[in-house]
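In: Sequence below, structure please.
(chains A and B, ligands or ions: 3)
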Amino acid sequence: MLALKCRVNVIIVTAMFEIIRVENFSPSTFLWEVIAPEIAQAARPGQFVIVRSDERSERIPLTIADFNTDEGTITLVIQAAGKSTDQMRAYRVGDSILDIVGPLGEPSEIENFGTVIVVGGGLGVAPVYPILRALKLHGCNTISIIGFRTKSLVFWEGRFRDYSDETIIVTDDGSYGQMGLVTQPLKEILAARHVDRVIAVGPLVMMRAAAETTRPFGVRTIVSINAIMVDGTGMCGSCRVNLAGEIKFACIDGPDMDGHLVNFDELIIRQRRFVKYEKQSIEMCKNRCQE
Amino acid sequence: MSRIARQHSAHLPPKTRATNFKEVVCGYTETEAVAEAGRCIQCKEPLCITGCPVRINIKGFIHLITKKDYKGAYETVTEANLFPSICGRVCPQERQCEAACVLGKKREPVSIGLLERFVGDTARQSGRHQTHEIVSTGTRAAVVGSGPAGLACAYDLAKAGVSVIVYEALHMPGGVLTYGIPEFRLPKEIVRSEIDNLKRLGVVIKTNSVIGRLHTIEDLMGRLSFDVVFIGTGAGYPSTLNVSGASLNGVMSANEFLTRVNLMHGNDFPRYATPVGAGKNIAVIGCGNTAIDSARTALRLSPDNVYIVYRRTLEESPARKEEIRHAMEEGVQFLFRTETKEIIADNEGWVIGMNCRSKDEAAAPDFLLNVDTVIYALGTMANPLIARTTPGLKTDKAGYIETEDLMTSIPGVFAGGDITRTKGTFTTVIHAMSTGRRAAAGMLKYLESRRQT
Ligand SMILES: Cc1cc2nc3c(=O)[nH]c(=O)nc-3n(C[C@H](O)[C@H](O)[C@H](O)COP(=O)(O)OP(=O)(O)OC[C@H]3O[C@@H](n4cnc5c(N)ncnc54)[C@H](O)[C@@H]3O)c2cc1C
Ligand SMILES: Cc1cc2nc3c(=O)[nH]c(=O)nc-3n(C[C@H](O)[C@H](O)[C@H](O)COP(=O)(O)OP(=O)(O)OC[C@H]3O[C@@H](n4cnc5c(N)ncnc54)[C@H](O)[C@@H]3O)c2cc1C
Ligand code: FES
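Out: Ligands and ions are numbered 1, 2, ... in the order given. Sure thing, here's the model as predicted:
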């Protein structure tokens, strides 16, 4: 038994999923390693979990950034993007998470495709790592392009280098690696040589840009759809995606989808579905959530 | 023939109840129940029983109520129906037992549903539950899904001495009883107490376990060495709304809306972190139980207007008639014979209205309904996950699992509830429960036959 660190209130729950490691990559990005042996056993690259930290929390989808069957743990890398993910920063080693369900979603397609470019941007950097690793272990020639806003946010460079034949790091401000967006080196490589497949994971706008960059080259491009979800089991349709006119559910048909078929414009609008409520929630919590 | 009028249970007044989630129908007091039971003429050949999908000995339990033998009445009901408090509240009695009651020919039928509920509630309040001597058989069963089908199946298996683990995808058990049917119609306390009874029989419920992902059906029968498996995953996959504008902000499925409220407590946002995302003028498309539940739930979030937009007539609605009446009393506005043509949005993608066409000669044919939220309740379909991850599992074209005597194409793997389909039956709680129980009987027989060989 332990008290969960939720600034809203303190609820006593029976320990369920214990956090055994916390690593802070930056003030907003952090890593949890959590004991979840059954999930670790079943997890495949590209799959995700849904986390409900305590009785009053939302159900938050997070990619399984790593899994260790020997230790029975999974690793999540979280970017504090709003209220729920921000509250998760308060958790320390030894604290427990009330609910974790997973693995969810179709695993990524992994085989020796030939030359593959793996693109990760922002909160997509950690999720793309297990895919990269699996592709390399299956014999692909791998090129990774990972993007961050600035030097102080860079993490896991070593891990990417370990499994990439070439690693390109870009920062928005040029404080580390190349300056600019991930799409610039992507375009240069595509123009210079033959590439069999591109996998791009990150914010929707980045994935849309990546898909538009690869489209003229006709290179198959897989993106990982981070639509807003509730159940993650195909029951609510919150995560619906328009795939060339056909409705698919990111939680059971994806999250990996053909980037050239995804209607990103619709998704980007739907991503903003709760913006006004999120603001209200943060405001109201400042005022009265101490109760 | 009985001269006493049908006893009506007290209801919360529409104005008050439309602002809270308290149960609407208060249920019979003891005096009312005994008086109502006294109306039953104890037919020699009771037709009501033939109207009941699980053949409860209705005549018998009603007779025991007149004798004030509530323990006996409870035992009589639970021979056929494990969860009287639930079914007494949600069964479409007007299409089943009460439709067959002979009193109904001349006047109102006996209020069998409310009496069943009285029996269940009285037992629960006096701490009475079904007690059973359990002799372990040393066999193990996995039940996938904790809706009424899975719960009923687990119950019968556990009673027969099988060790049962129920795997549930969500963080709370109960299926539609928990995430779908709202508190004001079925208090969650009742579902919880039925589930506690199951645990008392030694059934283990593992939440957060999506079968097909965490373990496959093959794993359950192989690596995890269960002797038999029951699939009761329901048919929760929402049908899509095929009109232009269906992906706009403010358009959501009834399942999403109800889940955000019932499971995630979004009505108590921001104390609970999940927002509902419903606005001030809400249209619900459809008129089944799910649509009515959505409309009445929406009404309780204090909007300005809630509409039901239905392309057919009132008479054609498959919802429980009582709930439609309740919805009307509470202030839901019904637009019958009205088709949704398109949903329109402002330039940021937020819903601002719905173009409708009325088939009513009296009304203006085309009109714009000013709404900022559209909830669609157009029915649900089989979830493809289990079928996709279970090689050799036979389904029909629409993805429903095919069974013979409730056993699927894989020996030892059974299925029931909404994920299976029987022609001519409605998808109801009682139907799900009865297939769950019949599957349990089949599973026991299967286990027995395997033991002998
Ligand atoms: C399959 C999947 C995998 C994901 N993997 C990761 C991961 O590994 N690490 C990680 O940090 N995040 C991941 N996300 C995104 C994460 O779930 C959201 O950032 C989180 O739900 C936001 O919750 P919040 O309450 O903190 O923020 P909110 O206050 O709800 O939102 C903050 C901002 O993020 C946007 N947002 C809301 N929901 C999502 C969403 N699902 N995806 C993207 N943006 C969203 C909002 O529109 C808003 O602008 C994943 C999402 C999906 C669907
Ligand atoms: C809003 C609403 C109102 C209704 N009102 C009424 C009413 O008044 N009267 C009536 O008789 N009927 C009503 N119904 C219909 C009735 O609820 C259903 O027919 C019944 O619940 C079906 O039971 P089930 O056990 O087959 O499935 P469900 O109740 O759907 O339960 C299935 C369970 O399985 C879980 N599951 C799914 N996939 C997996 C997986 N892969 N692994 C593990 N678990 C999984 C789900 O999370 C769920 O908990 C209503 C339905 C809805 C949606
Ligand atoms: S999250 Fe509910 S259907 Fe995908």
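In: So the longest helix seen in chain B, near chain A or not?
Out: As assigned by DSSP state H, the longest helix anywhere in chain B is helix B:429-452. No: with CB under 8 Å from any CB of the partner chain as the measure, helix B:429-452 is seen stopping short of chain A, the closest distance being 15.8 Å. Every residue, glycine included, has its C-beta placed from N, CA and C.
In: What is the neighbour count of A:Ala211?
Out: 21 (other CB atoms under 10 Å in any protein chain shown).
In: need the helices for the stretch 251-400 of chain B, in chain order.
Out: Here the stretch 251-400 of chain B has its helices, by DSSP state H, counting those that start in this stretch, at B:254-258, B:289-299, B:321-330, B:385-389.
In: again with chain A
Out: With DSSP H as the definition, chain A shows helices at residue ranges A:37-42, A:83-87, A:125-137, A:157-162, A:183-192, A:204-214, A:264-270, A:275-288.
In: For ligand 1, what is the nearest residue in chain B?
Out: For chain B, the nearest residue to ligand 1 under the criterion CB to the nearest ligand atom is B:Ala273, separated by 7.0 Å.
In: what number of residues lie near that residue?
Out: By other CB under 10 Å, neighbour count at B:Ala273 equals 28.
In: How about B:Thr425?
Out: Counted with other CB under 10 Å, B:Thr425 comes out at 12.
In: ok, and the closest non-adjacent residue to B:Pro173?
Out: Among residues not flanking B:Pro173 along the chain, B:Ser146 sits closest, at 3.7 Å (CB to CB, 6 or more residues apart in numbering or on different chains).
In: if we can go back for a sec, reformat the helices of chain A as a markdown table; add distance to B:Asp121 and mean pLDDT.
Out: Supplementary listing: the helices of chain A in a markdown table, determined by distance: least, CB to CB, whole Å; pLDDT from 0 to 100:
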| stretch | distance to B:Asp121 | mean pLDDT |
| --- | --- | --- |
| helix A:37-42 | 38 | 95 |
| helix A:83-87 | 38 | 88 |
| helix A:125-137 | 50 | 95 |
| helix A:157-162 | 59 | 95 |
| helix A:183-192 | 64 | 96 |
| helix A:204-214 | 50 | 96 |
| helix A:264-270 | 43 | 93 |
| helix A:275-288 | 37 | 68 |
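In: Kindly report the residues of the stretch 151-291 of chain A close to ligand 3.
Out: A:229-232, A:234-239, A:249, A:251 (CB under 6 Å from any ligand atom).
In: before we move on, the earlier item: who wins for proximity to ligand 2 among the helices of chain A?
Out: Between ligand 2 and those, the shortest gap by CB to the nearest ligand atom is with helix A:37-42, which sits at 12.7 Å.
In: ok, and does that closest one reach over to chain B?
Out: Yes: for helix A:37-42, a contact with chain B is found by CB under 8 Å from any CB, at A:38-39, A:42.
In: ok, and the closest non-adjacent residue to B:Met252?
Out: Leaving out its chain neighbours, B:Met252 is closest to B:Ile375 (CB to CB, 6+ apart), at 6.0 Å.
In: my read: that neighbour touches B:Thr259, true?
Out: No: under the criterion of CB atoms under 8 Å, B:Ile375 lies out of contact with B:Thr259, with a separation of 11.9 Å.
In: quick one, which of the two is more surrounded?
Out: In this view B:Ile375 and B:Thr259 are compared by other CB under 10 Å, and B:Ile375 has more residues nearby, 29 against 26.
In: out of the residues of helix A:37-42 next to chain B, who has the most neighbours?
Out: With neighbours taken as other CB under 10 Å, the top of the residues of helix A:37-42 next to chain B is A:Ile39, carrying 26 neighbours.
In: Distance-wise, check that residue relative to B:Lys206.
Out: In this structure, A:Ile39 lies at 12 Å from B:Lys206, with CB to CB, to the nearest Å as the measure.
In: can I see the domain layout of chain B?
Out: For chain B, the domain assignment from automatic domain parsing gives the residue ranges B:10-125, B:140-223+B:383-452, B:238-380.
In: can you redo the ones you listed as JSON lines with distance to A:Ile74 and mean pLDDT?
Out: Written out in JSON lines, the entries for the domains of chain B read as follows (distance: least, CB to CB, whole Å; pLDDT from 0 to 100):
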{"stretch": "domain B:10-125", "distance to A:Ile74": "36", "mean pLDDT": "93"}
{"stretch": "domain B:140-223+B:383-452", "distance to A:Ile74": "12", "mean pLDDT": "93"}
{"stretch": "domain B:238-380", "distance to A:Ile74": "22", "mean pLDDT": "93"}
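In: quick one, which of those domains is nearest to A:Ser26?
Out: Put simply, out of the domains of chain B the one that sits nearest A:Ser26 is domain B:238-380, at 23.7 Å, with distance taken as CB to CB.
In: which residues does B:Leu335 bridge with?
Out: Here B:Leu335 sits in beta bridges with B:Val309, going by DSSP bridges.
In: Okay, it and A:Gly254: tell me how far apart.
Out: According to CB to CB, B:Leu335 stands 36 Å off from A:Gly254.
In: most neighbours per residue, which of the helices of chain A?
Out: Most buried of the helices of chain A, by mean neighbour count (mean count of other CB atoms under 10 Å in any protein chain shown): helix A:125-137, with a mean of 24.
In: That one near ligand 1 anywhere?
Out: Yes: using CB under 6 Å from any ligand atom, helix A:125-137 comes into contact with ligand 1 via A:126-127.
In: hmm, who's touching that helix?
Out: A:31, A:45-46, A:48, A:63-67, A:77, A:108, A:110, A:113, A:116, A:118-120, A:142, A:144, A:146-148, A:155-156, A:159-160, A:163-164, A:199-202, A:224 (CB atoms under 8 Å, 6 or more residues apart in numbering or on different chains).
In: quick one: contacts for B:Asn255?
Out: Contacts for B:Asn255 were tallied using CB under 8 Å, 6+ apart; they are A:235-237, B:179-180, B:236, B:238, B:290, B:380.
In: again, 6 Å this time
Out: Contacts for B:Asn255 (CB atoms under 6 Å, 6 or more residues apart in numbering or on different chains) come out as A:235-236, B:238.
In: Point me to the helix or strand that includes the nearest residue to B:Gly104 once chain neighbours are set aside.
Out: Setting aside the residues directly before and after it, B:Gly104 is nearest to B:Glu98 in space (CB to CB, 6+ apart), at 6.5 Å. Taking DSSP states H and E as the criterion, B:Glu98 maps to helix B:97-100.
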